[in-house]
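A.B. asks: Build the 3D model from these lines:
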Amino acid sequence: MSQTVEGAAQPARRGRPGYDRSSLLDAAVAVFNESGYDATSVSALAARLGLSKAALYHHFSSKEEILETALSEALDGLEGVLVRTQSVVPSERLAAVLEGAVRVLAAHLPAVTLLLRVRGNSEIERRALERRRAFDQQVTGIVRAAQKEGTVRDDVDASVATRLLFGMVNSLVEWYRPGGTEDADALARDVLTVALDGLRTR
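C.D. replies: Numbering: from 1, shown residues only. Purely as a prediction, here's the structure:
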């Protein structure tokens, strides 16, 4: 009779064959980004992933839960950047937030891409957009504090500066691909150089 060796590694349980919850989420987000969330039915999603609908529902209760999980992945990352930089002086915090946002985008590119494409067509999307607006408002507050500190020029409206800065960051989803010629560290440095040099006081 065979015996299990105590402490021996056991194979990971994957639920339905081929996907665990994390890999199914990644695959589903890729389909949403390619075909559009609203245009992708549960049946079409399951077919694209080579699953039955029952297998998909084993991991997620609905298409909406997949969307909410993916959007939270992106938003949790961005909000975490604000939390981690709370004790930093305004000018340095602005740089740290921008760098952190680039790193979140690089690490969670599909989820951030999906976040930037939602239009508020459902309650889940509207909640996500509200969180995103709250993030932007906090960044605007950081810009304004850096202006009062005298390290960022004050002849540019803080809310406009925030939109311009994150317009640059958000545009990365259109062309940045992990594993390319520039890694996340180099990308963050380049963004900081281009984004902040024009805002710093001389």
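
A.B. asks: Surely Leu67 is within a helix?
C.D. replies: Yes. Membership of Leu67 in a helix is supported by DSSP: H, G, I helix; E, B strand; the rest coil.

A.B. asks: In contact with it, which residues?
C.D. replies: 32, 37, 114, 122, 124-125 (Cβ atoms under 8 Å, 6 or more residues apart in numbering). (Glycine included, C-beta is placed from N, CA and C.)

A.B. asks: got it, and Asn33?
C.D. replies: By Cβ under 8 Å, 6+ apart, the contact set of Asn33 is 110, 113-114, 117.

A.B. asks: Weed out the non-buried ones from the contacts of Leu67.
C.D. replies: The neighbour-count criterion (16 or more other Cβ atoms under 10 Å) marks 32, 37, 114, 124-125 among those as buried.

A.B. asks: related to what we said a few turns ago, what's the ChimeraX syntax to select whichever of the contacts of Asn33 are buried?
C.D. replies: Filtering these down to the buried ones (16+ other Cβ under 10 Å) takes a single ChimeraX command:
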select :110,113,114
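
A.B. asks: Please convert the contacts of Asn33 to JSON lines, extending it with pLDDT and secondary structure.
C.D. replies: Shown next, in JSON lines, are those (pLDDT from 0 to 100; DSSP: H, G, I helix; E, B strand; the rest coil):
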{"residue": "Pro110", "pLDDT": "97", "secondary structure": "helix"}
{"residue": "Thr113", "pLDDT": "98", "secondary structure": "helix"}
{"residue": "Leu114", "pLDDT": "98", "secondary structure": "helix"}
{"residue": "Arg117", "pLDDT": "95", "secondary structure": "helix"}
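
A.B. asks: CSV please, covering the contacts of Asn33 and showing distance to Glu65.
C.D. replies: Listed next are the contacts of Asn33 as CSV, based on distance: Cβ to Cβ, whole Å:
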residue, distance to Glu65
Pro110, 17
Thr113, 19
Leu114, 14
Arg117, 18
